[in-house]
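Undergrad: no FASTA, just this:
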């Protein structure tokens with residue numbers, strides 16, 4: 001089996017396993033929700049007239065009564081989350097040439113199976129306070145009830161604190177695109193559809209792990225009275241691999257300089273040759289990567305002001321907040337063989353950023369990743385050679401030199417769009433074109 005086919009099989013198998021686990025988790029959650037709804041219906045039908053008294057103490061709600069109903073019907077954002085993005089990126093390493101590629105990124109996150117705490121500690125305390133107030137025949141302060149409702153709402157919307165996630169990323173072969181930015185953006189869908197099948201996936205990267213939500217807090221969003229933004233902080237442990245490219249794909253050929261004794265001291269095999277070819281080593285293992293650190297998320301929220309409430313009242317009535325996931329930033333520290341010479345030595349700081357930028361009725365996704373080794377820099381004199389083209393490698397006039405795996409800081413930045421919408425548009429155009437040719 002070739003390396004490319006093996007990488008593809010591994011990626012599909014891992015994705016299938018993760019998806020099966022997530023589906024099982026969702027099935028358990030749906031069953032629990034159905035049981036809760038049935039119990040609620042039975043309790044309502046048995047209500048007596050004495051339970052409808054206006055006495056604040058006897059009519060105080062329990063934690064179960066305060067559980068938000070907005071999550072019923074699958075509208076709660078604390079369940080399974082996914083994004084599929086296709087875009088264009090530029091990547092490179094310190095003092096090395098940059099490459100432009102198309103990429104496909106699929107991210108999936110779900111509550112940890114078989115571990116679904118319904119409410120957090122603070123919410124349980126709220127339930128205890130409500131029960132105590134009822135037992136002592138005293139009303140609960142309005143501010144306390146609102147705080148309880150807000151905490152219950154946040155726990156329902158963000159879901160259980162423990163989540164598992166997986167991120168699969170595939171990049172194409174480097175692209176030589178010299179057209180203006182405006183033309184490239186306008187023809188982006190056409191550029192994607194013109195990709196050759198054997199160039200779609202040159203390399204894969206998988207990163208999967210578990211995260212735990214430590215805390216969340218909210219702040220007003222600018223000066224808009226009926227909007228809030230919820231921030232959450234998570235502790236993350238993850239790991240994965242990166243597939244190395246083949247030596248043939250890394251091949252660079254140059255002319256051998258004449259009259260430079262330093263060059264022949266560095267590369268003695270180039271003596272008597274016209275060309276020198278540099279290739280990456282043949283590696284039989286994936287580049288491994290392991291990290292631990294923190295993840296920060298933003299959840300944009302908007303209060304419901306349609307229930308005869310002023311903006312000020314809606315702002316303070318947190319039970320009406322509705323959130324959707326916004327940006328995400330990761331700050332990890334660990335190991336990554338792809339930027340430390342192919343071995344697990346020395347720590348690596350990894351910073352990832354993702355932000356969905358609204359663009360009219362659509363969304364543009366911005367990505368950025370930086371991998372830096374906190375170590376002393378090495379500064380050497382550069383070796384400048386003239387590129388050679390049309391040279392057959394291997395050949396009698398070519399000296400082939402294997403370079404070690406890079407030990408440099410690296411980066412990548414990219415912009416993408418929703419992959420499902422893009423492919424739907426491409427398929428629609430293709431169908432219309434076929435139907436048009438058939439009518440003619």
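TA: Sure thing, it's come through. Being a predicted model, the structure only gives us computed values, none of them experimental. Numbers count the residues shown, from 1 in each chain.
Undergrad: got a list of what residue 363 touches?
TA: Residue 363 makes contact with 356-357, 417-418, according to Cβ atoms under 8 Å, 6 or more residues apart in numbering. C-beta: built from backbone N, CA, C; applies to glycine.
Undergrad: if we use 7 Å, what do you get?
TA: 356-357, 418 (Cβ atoms under 7 Å, 6 or more residues apart in numbering).
Undergrad: likewise residue 184?
TA: Counted by Cβ under 7 Å, 6+ apart, residue 184 has contacts 177, 191.
Undergrad: what do you get if the cut-off is 8 Å, keeping everything else the same?
TA: Contacts of residue 184 by Cβ under 8 Å, 6+ apart are 88, 177, 191.
Undergrad: mind checking which of the contacts of residue 363 land in strands?
TA: Taking DSSP state E, the ones among the contacts of residue 363 that sit in strands are 356-357, 418.
Undergrad: just the contacts of residue 184 now: which is nearest residue 231?
TA: Nearest to residue 231 among these is residue 88, at 29.8 Å by Cβ to Cβ.
Undergrad: where does residue 232 fall, phi/psi-wise?
TA: As for residue 232, its main-chain torsions (degrees, to the nearest 10) stand at phi -130, psi 150.
Undergrad: and the pLDDT for it?
TA: Listed pLDDT for residue 232 reads 89.
Undergrad: and the closest residue to it other than its chain neighbours, how many neighbours?
TA: Leaving aside its chain neighbours, residue 232 sits nearest to residue 216 (4.1 Å; criterion: Cβ to Cβ, 6 or more residues apart in numbering). Residues within reach of residue 216, counting by other Cβ atoms under 10 Å, total 19.
Undergrad: tell me what the helix or strand hosting residue 216 is packed against?
TA: Following DSSP states H and E, the helix or strand that holds residue 216 is strand 203-220. Secondary-structure packing of strand 203-220 (3 or more Cβ pairs under 8 Å, 6 or more residues apart in numbering; DSSP states H and E): helix 3-45, helix 142-158, strand 162-171, strand 227-242, strand 287-302.
Undergrad: which of the ones you listed has the lowest average pLDDT?
TA: helix 3-45 (a mean of 42).
Undergrad: what's the first helix or strand after that helix?
TA: The C-terminal neighbour of helix 3-45 among helices and strands, as given by DSSP H and E, is strand 81-93.
Undergrad: after that next one, which helix or strand is next?
TA: Strand 81-93 is succeeded, C-terminally, by strand 99-111 (DSSP H and E).
Undergrad: now do that following strand: which elements does it pack against?
TA: With contacts defined as 3+ Cβ pairs under 8 Å, 6+ apart, strand 99-111 has these neighbours: helix 3-45, strand 81-93, strand 162-171, strand 410-418.
Undergrad: buried stuff in the helix or strand just after the shortest one?
TA: Read it as strand 410-418. Using DSSP H and E, the helix or strand that follows strand 410-418 in sequence is helix 419-439. For helix 419-439, the neighbour count (16 or more other Cβ atoms under 10 Å) marks 419, 422 as buried.
Undergrad: do the same with stretch 400-420
TA: Neighbour-count burial for stretch 400-420 flags 400, 405-412, 414-419 (criterion: 16+ other Cβ under 10 Å).
Undergrad: out of those residues, which two sit at the greatest distance?
TA: Farthest-apart pair in those is 400 and 418; separation 43.9 Å (Cβ to Cβ).
Undergrad: shaky segments in the stretch 51-200 of the chain?
TA: Across the stretch 51-200 of the chain, residues meeting the criterion (pLDDT under 70) sit at 51-78, 113-157.
Undergrad: go again with 80.
TA: 51-80, 112-160, 178 (pLDDT under 80).
Undergrad: re the thing from before, quick one, what contacts the residue nearest to residue 232?
TA: Contact partners of residue 216, counting by Cβ under 8 Å, 6+ apart, are 154, 158, 230-233.
Undergrad: ok, residue 242 touching residue 338?
TA: Yes - under the criterion of Cβ atoms under 8 Å, residue 242 makes contact with residue 338 at 5.0 Å.
Undergrad: which of those two has more residues huddled nearby?
TA: Higher neighbour count among residue 242 and residue 338: residue 338, with 22 against 19, using other Cβ under 10 Å.
Undergrad: which of the three states applies to the more buried one?
TA: On the three-state scheme (DSSP: H, G, I helix; E, B strand; the rest coil), residue 338 is labelled helix.
Undergrad: that one contacts residue 409, correct?
TA: No - the criterion here is Cβ under 8 Å, and residue 338 misses it with residue 409 at 11.5 Å.
Undergrad: wait, what's in contact with the residue lying closest to residue 206 once chain neighbours are set aside?
TA: What sits nearest to residue 206 in space, not counting adjacent residues and going by Cβ to Cβ, 6+ apart, is residue 240, at 4.2 Å. Counting by Cβ under 8 Å, 6+ apart, residue 240 touches 205-208, 288-289.
Undergrad: report the buried members of those residues.
TA: By neighbour count, with 16+ other Cβ under 10 Å, these hold 205-208, 289 as buried.
Undergrad: Throw those residues into JSON lines and include distance to residue 332, thanks.
TA: Output for these, formatted as JSON lines (distance: Cβ to Cβ, whole Å):
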{"residue": "205", "distance to residue 332": "14"}
{"residue": "206", "distance to residue 332": "15"}
{"residue": "207", "distance to residue 332": "10"}
{"residue": "208", "distance to residue 332": "13"}
{"residue": "289", "distance to residue 332": "9"}
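Undergrad: residue 273: which of those is nearest?
TA: Closest to residue 273 out of the buried ones among the contacts of residue 240 is residue 205 (36.3 Å), distances taken as Cβ to Cβ.
Undergrad: quickly list what the closest one is bridged to.
TA: Beta-bridge partners recorded for residue 205 (DSSP bridges): residue 169, residue 242.
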